[in-house]
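Curious how this folds, go ahead:
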Amino acid sequence: MFDFYFELPLLVRLLLQGTVVILVLFPLAAACSMAERKISAWIQGRPGPNRTKPPLAGFLAPLGLVASIPVLGTLLQKLGIFQLAADGGKFTFKEDPVPGHVNKFYFILAPIASMIPALSTVAFVPFGAYFDAAGELVPVALANVDVGLLAVFALGSLGVYSLILAGWASNSKYPFLGGVRASAQLISYELSMTLSVLPVFLWVNAPGGQGTLSLFDVVQSQSQPGFWGGTWYVMTMPVSAFIFLIALFAETNRQPFDMPESEADLVGGFHTEYGAFKWSLFFVAEYAHMIVGSGIFCLLFLGGWNPLPWVPLATVIDWLGFLPFAAHPLFVGLLSITLFLGKVGFFIFFFMWVRWTLPRFRYDQVMTLGWKKLLPLSIANLIVYALGIAWLQTR
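You can find the predicted model right below:
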C-alpha cells in the first residue's frame, strides 16, 4: 500500500521524516504545556487559562454573521485552546536579547543542542504496528533497528550536555550550579535506569535465539499465547518498572527531581539567563523527552499497543472481524497508534499529577536516593532475575 513511499530517494524520505517529526513533536509539546496548566489548575482547585481569545472574536459576536462562531469561540476560550496560539506567538516574536556577559556562541548553541536528542530519539520508538500481506506484524517506526533501546539511551543521555553548556555559557553562578546538578543527576540515575531494563532483555533473549535490543521484539514477547506469554512485564518485573519510572522522572528533570532548575534555590537554574524563543526550546525538549520516555515505558512494561494483558492486537482485530476494513493495514495501524498514544497520554498526566502533588526534594536527598537506594536496589533486582531466569531456562 505504501510502496510508493519506499521507492522515493533516501534523501527525500529522510527530509520528509524529519519534517514530520518536527510538525508532530512541537504541537504535542505545546499541548503538553496546555495540559500542564489545566491539570495544575484542576489539582489546586482554581480556574485554568480561560480568558485568552482572538481580538476579532469580540467583533464577530455582535455582528451575528455566523451564529456558531461566537459559540465555538466561547467554548474554545473556556477550554484555553487560544492560549496555545498566544504562547506560540509570544515566544516567536518577543524580543530575545542576549545578555552582554554570556559566551554568545555557546549561549545560543545550547537550546539548539537540546532539541537534537529530543527529535532524534523518536526515530527509534515504534508507536504502532500493522499486518502486511503475509500476515506478519510490522512496526510503525522511522527506524526499526535491533539496537533500538541502546540508541534511545545513547542519544537521550546527550541532552544533558545542552544543560551543562547553557549553565557554563551563562557566566553566572546559579546557571552554572544548575548545569553541575544536571550532570550529577544524570550519572546517578542513568545507572539505575539501565540496570532496571536488563532483566527484561534477559527474558526476551532466550538462549539459542538471536540477541536483540529491539523495542518491537519486547512488545512481541508480551503478545504470545498462554498465561506467561501474554503477561505484561509490569506484572512479572514490578521492581524493574518502579526503578525505571523513578529514574525517568530524574532523567527528564521533572519534579520532585528538577534539581537543574530548582526555582527555590537557583532562581531558574541553567535557564536563568534565557528568555523568549530560546527559553521555550528547552521546554519543548523536556516535553519531548517526557513523551519518548513514556513511550519507552509502555513498550517495555505495558505491552506497547496491546490494549490489555493477554489480549494482543491480533485478538482485537479478530473481534472486529465483522467490520469490512478491520484487517486493512491502515485501520490496524491507526488503531495500534491510538492504543499506544492513549497509554502515553496517561503517563504524561501522571508526570503532571506528581509535579503538582509532591514537594521538591533537596539536592542531597536526590543524590542519596539515586546512589544509596535505587542503585543497590537495581543491582539486587538484576541479580535475582538473572538467577531466576537461569534456573527457569535450565529446567
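
do you know how far residue 217 is from residue 230?
Computed as C-beta to C-beta, to the nearest Å, the residue 217 to residue 230 distance reads 15 Å. (Glycine included, C-beta is placed from N, CA and C.)

how many other residues sit next to residue 350?
Residue 350 sits with 14 neighbouring residues when counted by other C-beta atoms under 10 Å.

Residue 318 too?
Residue 318 has 11 neighbours, counted by other C-beta under 10 Å.

What score does it have for pLDDT?
Per-residue confidence (pLDDT) for residue 318: 85.

Could I get the buried residue list for the strand or helix carrying it?
Using DSSP states H and E, the element containing residue 318 is helix 313-319. Judged by neighbour count (16 or more other C-beta atoms under 10 Å), helix 313-319 contains these buried residues: 313, 315, 316, 317.

Same question for stretch 346-360.
By 16+ other C-beta under 10 Å, the buried positions in stretch 346-360 come out as 347, 348, 351, 352, 355, 360.

Repeat that for stretch 78-93.
80, 81, 82, 83, 84, 87, 91.

and what of stretch 360-375?
Here stretch 360-375 shows 360, 361, 363, 366, 367, 369, 370, 371, 374, 375 as buried, counting by 16+ other C-beta under 10 Å.

which other residues reach it?
Contact with stretch 360-375 is made by 181, 184-185, 188-189, 191-192, 195, 243, 246-247, 250, 255-259, 262, 264, as judged by C-beta atoms under 8 Å, 6 or more residues apart in numbering.

Got a quick PyMOL command for the buried subset of those?
Buried members of those, defined by 16+ other C-beta under 10 Å, are picked up in PyMOL with:
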select buried, resi 181+184+185+188+189+191+192+195+243+246+247+250+255+256+257+258+259+262
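
measure the closest residue to residue 169 other than its chain neighbours to residue 200 for me?
Leaving aside its sequence neighbours, residue 169 sits nearest to residue 106 (C-beta to C-beta, 6 or more residues apart in numbering; 3.8 Å). The spacing between residue 106 and residue 200, counted by C-beta to C-beta, is 38 Å.

Looking at those two, which is more packed in?
Between residue 106 and residue 200, counted using other C-beta under 10 Å, residue 200 has the larger neighbour count: 23 against 14.

how distant is the helix holding residue 318 from the center of its chain?
Chain-centre distance of helix 313-319: 27 Å, with C-alpha atoms, centre = their mean, to the nearest Å.

Now the element after that helix, going C-ward?
Later in the chain than helix 313-319, the nearest helix or strand by DSSP H and E is helix 329-355.

which stretches of the stretch 51-200 of the chain form strands?
Assigned by DSSP state E, counting those that start in this stretch, the stretch 51-200 of the chain shows strands spanning 129-131, 137-139.

Pick the most buried one from those strands.
Here the criterion is mean neighbour count by mean count of other C-beta atoms under 10 Å, and of the strands of the stretch 51-200 of the chain the winner is strand 129-131, at a mean of 23.

residues contacting the residue nearest to residue 169?
For residue 106, the contact set (C-beta under 8 Å, 6+ apart) comprises 165, 168, 169.

isn't residue 33 right next to residue 287, touching?
Yes. With contact defined as C-beta atoms under 8 Å, residue 33 reaches residue 287; the gap is 6.9 Å.

Could you check which of the two has the larger neighbour count?
Each of residue 33 and residue 287 has its neighbours counted (other C-beta under 10 Å); residue 287 has more, 23 against 18.

ok but the more buried one is inside a helix, no?
Yes. Counting by DSSP: H, G, I helix; E, B strand; the rest coil, residue 287 is located in a helix.

send the alpha carbons of stretch 210-221 over as PDB?
What follows is stretch 210-221, C-alpha atoms only, in PDB (Å, rounded to 0.1, in the frame of the first residue of the first chain):
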ATOM      1  CA  GLN A 210      19.200 -14.200  18.100                       C
ATOM      2  CA  GLY A 211      20.100 -11.500  20.600                       C
ATOM      3  CA  THR A 212      18.200  -8.200  20.300                       C
ATOM      4  CA  LEU A 213      17.600  -4.900  21.900                       C
ATOM      5  CA  SER A 214      14.700  -4.100  19.700                       C
ATOM      6  CA  LEU A 215      11.700  -2.500  21.400                       C
ATOM      7  CA  PHE A 216       9.400  -4.100  18.900                       C
ATOM      8  CA  ASP A 217      10.600  -7.600  19.900                       C
ATOM      9  CA  VAL A 218       9.900  -6.700  23.600                       C
ATOM     10  CA  VAL A 219       6.300  -5.900  22.600                       C
ATOM     11  CA  GLN A 220       6.100  -9.200  20.600                       C
ATOM     12  CA  SER A 221       7.300 -11.100  23.600                       C
END
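
Just the buried residues of that stretch, please?
So, applying 16+ other C-beta under 10 Å, buried residues of stretch 210-221: 212, 213, 214, 215, 216, 217, 218, 219, 220, 221.

Rebuild those residues as TSV, extending it with secondary structure, pLDDT and distance to residue 160.
TSV is the format used below for those (DSSP: H, G, I helix; E, B strand; the rest coil; pLDDT from 0 to 100; distance: C-beta to C-beta, whole Å):
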residue	secondary structure	pLDDT	distance to residue 160
212	coil	80	27
213	coil	85	22
214	coil	86	25
215	helix	89	22
216	helix	89	27
217	helix	88	28
218	helix	90	25
219	helix	90	28
220	helix	88	32
221	helix	87	31
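
and of those residues, the nearest to residue 124?
residue 215 (7.3 Å; C-beta to C-beta).

Surely the closest one is in contact with residue 123?
No. Using C-beta under 8 Å, residue 215 is not in contact with residue 123; the gap is 11.8 Å.

Walk me through the domains of this structure.
Listed domain ranges for the chain are 49-93, 98-393 (source: automatic domain parsing).

thinking again about what came up before, which of the contacts of residue 106 has the most neighbours?
In the contacts of residue 106, the most neighbours by other C-beta under 10 Å go to residue 169, 22 neighbours.
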